[in-house]
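Asks: Here is a sequence with its predicted model. Questions after.
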Amino acid sequence: MVIEANKKGTCPHCKIPNRFENATNHNDQVLHFWNVTNGLDNHNKILSLCRCTNCGEVIIFFGETMVHPIGSTRPPCPKEVPTNISNDYKEACLVEHLSSKATATLARRCLQDIFHQRKIIKDDLSKEIDEAMKTLPSHLSEAIDSIRNVGNFGAHPIKSTNTGLIVDVEDGEAEWNLDVIEQLFDFYYVQPAITQSKKDALNLKLKETGKPEMK
């Protein structure tokens with residue numbers, strides 16, 4: 001989503017929801033729009049600027065692509081997620097506005113690494129999705145099943161030897177991949193950690209009162 005002056009949104013700098021304003025230079029001249037030629041297709045696109053009213057930082061869009069800051073408006077990766085998976089997820093978010101194909105590829109690798117950590121290891125990702133669906137609640141099962149529609153998945157089976165395969169994706173498909181990954185993060189890592197923390201706290205109280213701990 002393009003961030004524009006006089007509209008509300010989440011700042012990619014400070015991550016705070018607020019209203020944006022026109023950016024100005026040192027002489028208080030408004031820096032707003034320029035028509036710029038896109039080197040890829042030689043079509044003109046608008047280079048637009050606005051400023052966050054909370055942190056004062058400038059946000060720049062080239063057409064619908066955010067070019068400053070290079071980053072993501074998505075929430076931070078949960079600390080409970082293993083480092084190798086979180087690193088790929090963060091990189092996928094970082095390039096989300098720049099390359100849908102790269103984002104989809106990294107998200108797909110995150111998905112397979114999540115499965116492998118859960119000891120779900122098959123010949124290809126599609127079979128791993130089938131196996132994971134057996135133990136997931138229906139809303140998550142349907143979500144990961146839908147990933148097979150992303151990037152003509154059926155024509156490009158993701159084998160264990162080509163998890164980095166680059167395939168074309170349609171608008172919104174890479175974003176959907178990241179949405180599903182975030183749901184899996186919550187299910188596999190965040191909620192179990194919360195439950196364990198509460199259980200540990202209760203067991204501590206039980207121990208202090210001489211009562212048997214929960215198993």
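Replies: Received it, and whenever you're ready, just let me know what you need.
Asks: pull the longest strand from the protein.
Replies: Secondary structure of the chain read by DSSP state E shows that its longest strand is strand 44-52.
Asks: Buried by neighbour count: which residues of that one qualify?
Replies: Within strand 44-52, the residues that qualify as buried are Lys45, Leu47, Ser48, Leu49, Cys50, Arg51, Cys52, counting by 16 or more other Cβ atoms under 10 Å. All C-beta spots, glycine's among them, are computed from the backbone N, C-alpha and C.
Asks: Show me what the third one is bridged to.
Replies: Ser48 has these beta-bridge partners by DSSP bridges: Phe33, Phe61.
Asks: Report the separation between it and Val180.
Replies: Separation of Ser48 from Val180 (Cβ to Cβ, to the nearest Å): 31 Å.
Asks: Arg19 and His13, how far apart?
Replies: With Cβ to Cβ as the criterion, Arg19 and His13 are 14 Å apart.
Asks: Between these two, point out the one with more neighbours.
Replies: Ranked by neighbour count (other Cβ atoms under 10 Å), Arg19 and His13 place His13 first, with 18 against 14.
Asks: so the residue sitting nearest the centre point of the chain is in which element?
Replies: For the chain, the residue nearest the mean C-alpha position is Leu178 (4.1 Å; Cα atoms, centre = their mean). Using DSSP states H and E, Leu178 maps to helix 173-185.
Asks: Convert that helix to CSV, retaining C-alpha atoms only.
Replies: Provided in CSV are the C-alpha atoms of helix 173-185 (Å, rounded to 0.1, in the frame of the first residue of the first chain):
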residue,chain,number,x,y,z
GLU,A,173,0.7,-13.9,-3.9
ALA,A,174,4.0,-13.2,-2.2
GLU,A,175,2.2,-11.1,0.4
TRP,A,176,-0.2,-14.0,1.0
ASN,A,177,2.8,-16.4,1.5
LEU,A,178,4.2,-14.1,4.3
ASP,A,179,0.7,-13.8,5.9
VAL,A,180,0.6,-17.6,6.1
ILE,A,181,4.1,-17.8,7.5
GLU,A,182,3.1,-15.3,10.3
GLN,A,183,0.2,-17.5,11.2
LEU,A,184,2.4,-20.5,11.4
PHE,A,185,4.9,-18.6,13.6
